[in-house]
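In: below: sequence and its predicted model.
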Amino acid sequence: MTDFRDLMRLRRSVRDYEDREVPVSLVRELIADACEAPSASNRQPCGFVVVADRDMMRRLSDESKKNLLNDMKTLKSPMLRLYRPVLKDENFNVFYNAPCLMYITGPRDLHSAVKDCSLAASYLMLSAADRGLGTCWVDLGSSIQDPEILAELHISEDQQIVATIILGYPREIPQRPPRSEPKILTIIG
Ligand SMILES: Cc1cc2nc3c(=O)[nH]c(=O)nc-3n(C[C@H](O)[C@H](O)[C@H](O)COP(=O)(O)O)c2cc1C
């Protein structure tokens, strides 16, 4: 087991994976670790959807790219616009070459769902790094709207996708991207 402080620096967003499946038993262990995360009122609202089928991952990538490009027509998000060239590239798979993908979902009507699921995602990514796996939160793969696809994923209308995490065995661990100085607004007392 890695020292926790080392682990926090070992976890990197990995975008290049070995051509090797992640055993389902291991994915289950990661989910169990994610469930150790705190949640508001201990509601534990997260749902986990695992996709380890490359054809399905390609379909999900295409669906999300299509919807994000559509969103750009109405949303004035400069951040989203930055991604326009890659989203228009039909060879670009938002999930890179990862063998596995996980959606973490929470109820749309639960005010704490985004916080709860993000914490679970954080635990999951750290647990994966501790087990020699790489992960990357891929928001570009979150925009799934096709009712048929959502039904196949067992994501009902009352659920929202909060976190989209790819995982697999990294070809290499990327360098740590630089971090800014902490923005400590004040320390009173
Ligand atoms: C909410 C969120 C969304 C992200 N979406 C993407 C994405 O769509 N594609 C991608 O390649 N990386 C994505 N990332 C990964 C970030 O680019 C990465 O965390 C950041 O560059 C810092 O690198 P590090 O994770 O190795 O510390 C996302 C990260 C977060 C937290």
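Out: That came in fine, so what should we check first? Numbers count the residues shown, from 1 in each chain.
In: how about the top strand by length along the chain and the ligand, any contact?
Out: Assignment by DSSP state E gives strand 159-168 as the longest strand of the chain. No. Using Cβ under 6 Å from any ligand atom, strand 159-168 stays clear of the ligand, coming no nearer than 7.5 Å. All C-beta atoms are positioned from the backbone trio N, CA, C, and that covers glycine.
In: list the residues that contact the closest residue to residue 149 other than its chain neighbours.
Out: Of all residues not flanking residue 149 in the chain, residue 63 sits nearest, at 5.9 Å (Cβ to Cβ, 6 or more residues apart in numbering). Applying Cβ atoms under 8 Å, 6 or more residues apart in numbering, we find residue 63 in contact with 143-146, 149.
In: what residues does this protein put near the ligand?
Out: Residues of the chain lying near the ligand (Cβ under 6 Å from any ligand atom): 12-13, 15, 136-140, 177.
In: one more pass at 5 Å, please.
Out: 12-13, 137-140, 177 (Cβ under 5 Å from any ligand atom).
In: what ranges do the strands span in this structure?
Out: 47-51, 100-107, 134-137, 159-168.
In: which of the residues in the lowest-mean-pLDDT helix or strand in the chain are buried?
Out: Among the helical and strand segments of the chain, the one scoring lowest on mean pLDDT, DSSP states H and E is helix 78-82, with a mean of 80. Within helix 78-82, the residues that count as buried by 16 or more other Cβ atoms under 10 Å are residue 80.
In: measure how far that helix is from the centre of its chain, please.
Out: A distance of 19 Å separates the centroid of the chain from that of helix 78-82, by Cα atoms, centre = their mean, to the nearest Å.
In: perfect, I'm done here.
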